[in-house]
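In: no letters, just coordinates:
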């Protein structure tokens with residue numbers, strides 16, 4: 001059994017494989033041994049049921065209720081795979097975005113795979129009465145009950161306690177950049193707001209200062225990138241964002257920046273090119289850098305994304321909302337219904 005993952009890691013990943021034997025006669029629940037991922041004792045669970053001469057395979061990942069007192073919530077991305085025994089290109093895959101929390105400890109698919117005993121496609125996945133399943137599990141550092149009573153006394157808990165699905169309108173996402181002095185560009189794992197993917201981008205970029213002698217320094221920047229609606233270039237999404245650079249010294253506030261931005265094809269990212277200077281990066285006593293790492297936290301609140309019609313209306317003057325001038329290509333968004 002693998003040892004628990006260090007609590008210092010922001011995300012932890014583990015791939016667990018389960019080989020099911022005697023598949024044709026299996027009528028019970030099968031699970032793997034426990035694998036610790038960020039301290040959570042996770043198992044891969046497979047349930048089979050028979051209905052109308054069909055066998056239905058359920059595929060899940062879960063943890064034991066014994067850990068309920070150690071976790072308030074943990075964000076997870078899981079890729080489930082039914083392995084094709086001859087050609088990996090034909091593997092059957094499904095993905096799940098979920099939150100583990102007390103009362104919601106098991107996540108997956110009730111009907112991951114269905115087949116008849118005489119179906120030809122059974123031979124693709126079952127060889128010598130065996131079937132192989134894999135779960136690639138990513139878990140972000142779990143929030144503990146004490147976290148909400150101490151570190152997040154400013155109401156961030158509400159972002160987690162509301163809509164815990166990919167279509168939620170608000171997200172608090174944390175990303176740690178290691179070896180920050182050596183990076184050029186670093187992307188966070190993908191997270192979802194309003195059913196569209198987002199990523200944090202950290203950049204360390206040289207900046208020249210025009211003086212009597214040319215000086216070249218580096219600045220640490222943070223941007224938020226939106227990947228839009230799949231299958232179209234005519235998308236747009238309006239978002240309010242708060243970027244925090246953690247301060248590791250107790251009692252000190254984070255470096256905070258706020259912005260509002262219309263994300264669309266030609267402006268998919270926005271942020272700040274100079275959040276930390278070279279002096280701040282190299283001076284750990286200031287508290288922003290700890291053992292060469294910087295922790296970024298992004299609070300993202302997005303409105304419902306929309307498709308921009310190809311025919312645009314004529315606008316005689318700039319359209320503004322909350323003193324923000326909307327690009328001409330996006331003015332029609334605010335005439336759409338159900339916005």
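Out: Nice, I can see it. Computed from a predicted structure; not experimentally measured.
In: output the below-cut-off pLDDT ranges for the protein.
Out: Counting by pLDDT under 70, the chain contains low-confidence residues at 1-10, 65-72, 103, 116-123, 143-166, 208-216, 251, 309-339.
In: kindly report the domain assignment for it.
Out: Residue ranges for the domains of the chain, per automatic domain parsing: 11-140, 165-335.
In: tell me where the stretch 51-200 of the chain has helices.
Out: Counting by DSSP state H, counting those that start in this stretch, the stretch 51-200 of the chain has these helices, from start to end: 122-125, 145-149, 157-161.
In: is it true that residue 234 touches residue 266?
Out: No. Residue 234 is beyond contact range of residue 266, at 11.1 Å (criterion: CB atoms under 8 Å). For the C-beta atoms, the positions are set from N, CA and C on the backbone; glycine is no exception.
In: out of those two, which sits in the busier spot?
Out: A side-by-side neighbour count of residue 234 and residue 266, using other CB atoms under 10 Å, places residue 234 first with 14 against 8.
In: for that one, grab phi and psi.
Out: phi -90, psi 50 (degrees, to the nearest 10).
In: how many residues are close by the residue lying closest to it once chain neighbours are set aside?
Out: In space, and not counting its chain neighbours, residue 234 is closest to residue 308: 4.3 Å by CB to CB, 6 or more residues apart in numbering. Other residues within reach of residue 308, judged by other CB under 10 Å, total 19.
In: how near is residue 308 to residue 86?
Out: For residue 308, the distance to residue 86 equals 45 Å [CB to CB, to the nearest Å].
In: what of residue 191?
Out: In terms of CB to CB, residue 191 sits 36 Å off from residue 86.
In: out of these two, which sits in the busier spot?
Out: Ranked by neighbour count (other CB under 10 Å), residue 191 and residue 86 place residue 191 first, with 21 against 11.
In: how many residues are close by the nearest residue to the more buried one once chain neighbours are set aside?
Out: Once flanking residues are discounted, residue 191 sits nearest to residue 173: 4.8 Å by CB to CB, 6+ apart. A count of nearby residues for residue 173, using other CB under 10 Å, gives 22.
In: residue 173 pairs with what?
Out: residue 298 (DSSP bridges).
In: go on, residue 238?
Out: residue 262.
In: burial count for residue 27?
Out: Residue 27, neighbours per other CB under 10 Å, totals 9.
In: residues contacting it?
Out: Residue 27 sits next to 48, 49, 50 when contact means CB atoms under 8 Å, 6 or more residues apart in numbering.
In: scan the protein for its longest strand.
Out: Identified as the longest strand of the chain according to DSSP state E is strand 196-209.
In: would you agree residue 306 is in contact with residue 232?
Out: No. Using CB under 8 Å, residue 306 is not in contact with residue 232, being 10.6 Å away.
In: compare these two (neighbour count), which wins?
Out: Using other CB under 10 Å, the more surrounded residue of residue 306 and residue 232 is residue 306, with 20 against 10.
In: buried set for stretch 79-90?
Out: Judged by neighbour count using 16 or more other CB atoms under 10 Å, the buried positions of stretch 79-90 are 80, 81, 82, 83, 85.
In: now these in CSV, with distance to residue 279?
Out: Below are the buried residues of stretch 79-90 laid out as CSV (distance: CB to CB, whole Å):
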residue, distance to residue 279
80, 47
81, 48
82, 53
83, 52
85, 58
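In: ok, those vs residue 169, which is closest?
Out: residue 80 (27.0 Å; CB to CB).
In: for that closest one, give the beta-bridge partners.
Out: According to DSSP bridges, the partner residues bridging residue 80 are residue 94, residue 135.
In: quick check: closest non-adjacent residue to residue 81.
Out: Per CB to CB, 6+ apart, closest to residue 81 is residue 134, 4.4 Å.
In: typo on my end, it should be residue 184
Out: residue 204 (6.2 Å).
In: quick check: the one you found vs residue 244, distance?
Out: 18 Å.
In: ok, now residue 184?
Out: 23 Å.
In: can you check residue 45 too?
Out: Distance from residue 45 to residue 244, by CB to CB: 37 Å.
In: so what pairs up with the spatially most central residue of the chain in the strands?
Out: Taking CA atoms, centre = their mean, the centroid of the chain lies closest to residue 191, which sits 2.8 Å from it. In this entry, residue 191 is beta-bridged to residue 198, by DSSP bridges.
In: what's the burial count for residue 114?
Out: 11.
In: over to residue 237?
Out: Using other CB under 10 Å: residue 237 sits among 22 other residues.
In: that one is in contact with residue 303, isn't it?
Out: Yes. Checked against CB under 8 Å, the pair residue 237 and residue 303 is within contact range at 6.8 Å.
In: mutual contacts of the two, please.
Out: In contact with both residue 237 and residue 303: residue 194, using CB under 8 Å, 6+ apart.
In: dump the residue contacts of residue 224.
Out: Contacts were defined as CB under 8 Å, 6+ apart; by that measure residue 224 touches 198-201, 239, 241, 243, 261, 269-271, 298, 300.
In: residue 21: neighbouring residues, count only.
Out: 11.
In: hmm, it is touching residue 129, no?
Out: Yes. If you go by CB under 8 Å, residue 21 and residue 129 touch, sitting 6.8 Å apart.
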